[in-house]
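>>> Provided below for reference: sequence and predicted model.
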Amino acid sequence: MKMSDKKPKLKIGIIVAVSVFAIVVSVLALTQAVPTIRLALSEGGEVIDGVLPDVDESLHIKEVPEGEIRYLINKKMLFESPYSLGDVMLENPESCAYDLQFVIYNAQGEMLYTSPMIKPGQCLEKDKLSSVVKKGEYKCSYSAQAYRGGELQGEVNGVVTVTVK
């Protein structure tokens, strides 16, 4: 076999390999597996002890009656891109008896965001969305779920606006 006979077979092999790769990437993108992997690998926000910085002192909750759930949440969350940190601004008052976790849903009931667990006296200023969200403004519902000893004790629901630029 001459060297010139091998070149067409090599070219065909490369074209087939690139085509298969393109098909696999397309299928993953259509099933949204690629964005999920990208979100899982990217750094999110960090829960810290204390109160949210740059929030007026009068807005911080000082007392929470026994059995009640109170917290601070940003009602107008802004994300510069689907993969960027956004201003979630979640605060669990030190006087709260529960660990809190926040879940945000779009109008179709699809989960867009789940926060890490925020213990009393902790806050989360910025975080990333849990799902890929296209550019736009979304009226969403949220659930502030209260846990004690790892068991759900109750929840409070509300409305927030999520904007992705």
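Arrived safely. Numbers count the residues shown, from 1 in each chain.
>>> so what touches stretch 46-66?
70-72, 89, 91, 93, 95-97, 116-119, 121-125 (C-beta atoms under 8 Å, 6 or more residues apart in numbering). (Glycine included, C-beta is placed from N, CA and C.)
>>> same thing but at 7 Å, please
Stretch 46-66 is contacted from outside by 70, 72, 89, 91, 93, 95-97, 116, 118, 121-125, using C-beta atoms under 7 Å, 6 or more residues apart in numbering.
>>> which of the helices and strands in this structure ranks last by mean pLDDT?
Lowest on mean pLDDT, DSSP states H and E among the helices and strands of the chain sits helix 33-41, with a mean of 44.
>>> the residue nearest the centre of the chain and M77, how far apart?
In the chain, the C-alpha nearest the mean C-alpha coordinate belongs to L129, at 2.3 Å (C-alpha atoms, centre = their mean). Distance of L129 to M77, computed by C-beta to C-beta, to the nearest Å: 9 Å.
>>> can you list the domains in this structure?
Domains of the chain are assigned by automatic domain parsing as 3-31, 45-164.
>>> related to what we said a few turns ago, could you find the closest non-adjacent residue to the residue nearest to the centre of the chain?
Nearest residue to L129, sequence neighbours excluded (C-beta to C-beta, 6 or more residues apart in numbering): Y113, at 5.2 Å.
>>> right, and the one you found touches N106 too?
No. If you go by C-beta atoms under 7 Å, Y113 and N106 don't touch, sitting 9.9 Å apart.
>>> the two: who's more crowded?
Shown here are Y113 and N106; by other C-beta atoms under 10 Å, Y113 has more neighbours (23 against 16).
>>> what about the closest residue to E43 other than its chain neighbours, how many neighbours?
Once flanking residues are discounted, E43 sits nearest to K128: 7.9 Å by C-beta to C-beta, 6+ apart. K128 has 19 neighbouring residues, counting by other C-beta under 10 Å.
>>> distance of K128 from G44?
Taken as C-beta to C-beta, the span from K128 to G44 is 5 Å.
>>> I69 too?
As for I69, its distance to G44 is 23 Å (criterion: C-beta to C-beta).
>>> same check on E155?
Taking C-beta to C-beta, one finds E155 at 22 Å from G44.
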